[in-house]
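Undergrad: I would like to see how this sequence folds:
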Amino acid sequence: MKALVTGAAGFLGGHLVEMLVERGDEVRAFIQHGQDPTFLQTLSGVEVIQGDLTDRTSLKCAVQGIQRVYHVAAKTGPWGPEAAYEAVNVRGVLDLIAAAMEAGVQRIVHTSSITVYGHHLRGVITEDNPYHAEDNPYSRTKISSEHLIFQRVKEHGAPVVIIRPAWIYGPRDTASFGRFVKLVESGKGFILGNGRNIVPVVYVRDVAQGLIKAGDAGNHAVGRAYTIANDQRVTQEDYLNLIADELHVPHLTRQYPYSAAYLAGRIAETIWKVKDPQRQTPPPVSTYGITLLGGDQRFSIDRARQELGYNPEFDVKRGVAEGVAWYLNRESRTTRQNEAVSSGT
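TA: Numbering: from 1, shown residues only. Next up, the predicted model:
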């Protein structure tokens, strides 16, 4: 099987490439200009190409000779110019689908997000829950792209399956998991509210498994969306204190009221919109981050289990242990490198 992975230099994309190689697929790794290809170049038989999701010519080149496309790349985060999100998350997606169909690609797996359900949730959320756009361009463009994908499936027979991952964590995640581990390690970690809310964490290789199974699934999966999460009910307190246990540091005791933190995020966003209408720099706190950590978010994975054969393999204890081991190894390497530089060796 010859597969293309977009966003291959990223956290999820890198793990997906690794797992595809492990099962014997030929992989073409699509990365943005300027991204570091070093890790991908260590994997046997991976073809690394550079391109741009907003450049139709590079997309057409990327899909030539490909049987499956795993579209992982996206402009993420809740803050930035709307036009930049539109260019990558909407127009880039449609251009990739068009190029892939023209090249005869058999299956396209599009990575969306649980953000399409909104952040203020009640009860257990299934794929039948309605869209709810939050006040950020990431949420809006993820919903917009899904609408247009379903339209392409219906009107043009686009062979697309949509995967909606929950809050991904694990080794090589410097943007989220690594930041939380550092906070807990330094004694600056905190709990929002009483800490008993369910956090929708899912280990990175389980998400990659879901993407692969969506690629392998029969035609019944085309035009369907699947939430990929861990159905183990993990509270915020459980998650953060498991990190503390792996670091051998005390459990978190500092608590902040959830409502006050959310209000602070809303005020910060309002001020930043006035100060920086182009959204070039993010505020110090956002409602997106507050609801992700402090909100109660429960998701059903019954559809993915039944229709894709998806089954999470990493419970949170094992996943956190793997992630913290990566973090400690990374910190140790950084310390040794800094010591070598300071000693002149």
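Undergrad: so where does the residue at minimal distance from the centre of the chain fall, helix or strand?
TA: By CA atoms, centre = their mean, the chain has its centre lying nearest to Ile168, at 5.6 Å. Assigned by DSSP states H and E, Ile168 belongs to strand 167-169.
Undergrad: Are there helices or strands packed against that strand, and which ones?
TA: Helices and strands touching strand 167-169, by 3 or more CB pairs under 8 Å, 6 or more residues apart in numbering; DSSP states H and E, are strand 201-203, helix 204-216, helix 316-343. The way it works is simple: take the backbone N, C-alpha and C, and place the C-beta from them, glycine included.
Undergrad: Averaged pLDDT, the helix or strand that it is followed by. What do you get?
TA: Sequence-wise, the next helix or strand downstream of strand 167-169 (DSSP H and E) is helix 177-186. On average, the pLDDT along helix 177-186 is 96.
Undergrad: partners of the next helix or strand after helix 177-186 in the sheet?
TA: Heading C-terminal from helix 177-186, the first helix or strand you meet, by DSSP H and E, is strand 191-192. Applying DSSP bridges to the sheet, strand 191-192 is found paired with strand 255-256 (parallel).
Undergrad: How about the secondary structure of the closest residue to Ser112 other than its chain neighbours?
TA: Spatial nearest neighbour of Ser112, chain neighbours left out: Arg164 (4.7 Å); criterion: CB to CB, 6 or more residues apart in numbering. In three-state terms, and counting by DSSP: H, G, I helix; E, B strand; the rest coil, Arg164 is strand.
Undergrad: tally of neighbours for Arg164?
TA: Per other CB atoms under 10 Å, the neighbour tally for Arg164 reads 24.
Undergrad: Would you mind measuring from it to Phe314?
TA: Arg164 sits 18 Å away from Phe314, going by CB to CB, to the nearest Å.
Undergrad: I'd guessed the residue nearest to Ser112 sits against Ala214; true?
TA: No - contact criterion CB atoms under 8 Å: Arg164 and Ala214 do not qualify, at 10.8 Å.
Undergrad: so what's Leu96 up against?
TA: Listed by CB atoms under 8 Å, 6 or more residues apart in numbering, the contact set of Leu96 reads Thr6, Leu53, Leu59, Val63, Val69, His71, Ile108.
Undergrad: before we move on, which element is the spatially closest residue to Asn136 that is not a sequence neighbour in?
TA: Nearest non-adjacent residue to Asn136, counting by CB to CB, 6+ apart: Pro78, 3.8 Å away. Using DSSP H and E, Pro78 sits in no helix or strand.
Undergrad: For Pro78, which residues are in contact?
TA: Counted by CB under 8 Å, 6+ apart, Pro78 has contacts Glu134, Asn136, Pro137, Tyr138, Ser139, Pro282, Ser286, Thr287, Tyr288, Gly289.
Undergrad: What separation do you get for it and Tyr85?
TA: Distance of Pro78 to Tyr85, given as CB to CB: 10 Å.
Undergrad: residue ranges with poor pLDDT in the stretch 51-200 of the chain?
TA: Within the stretch 51-200 of the chain, no stretch has pLDDT under 70.
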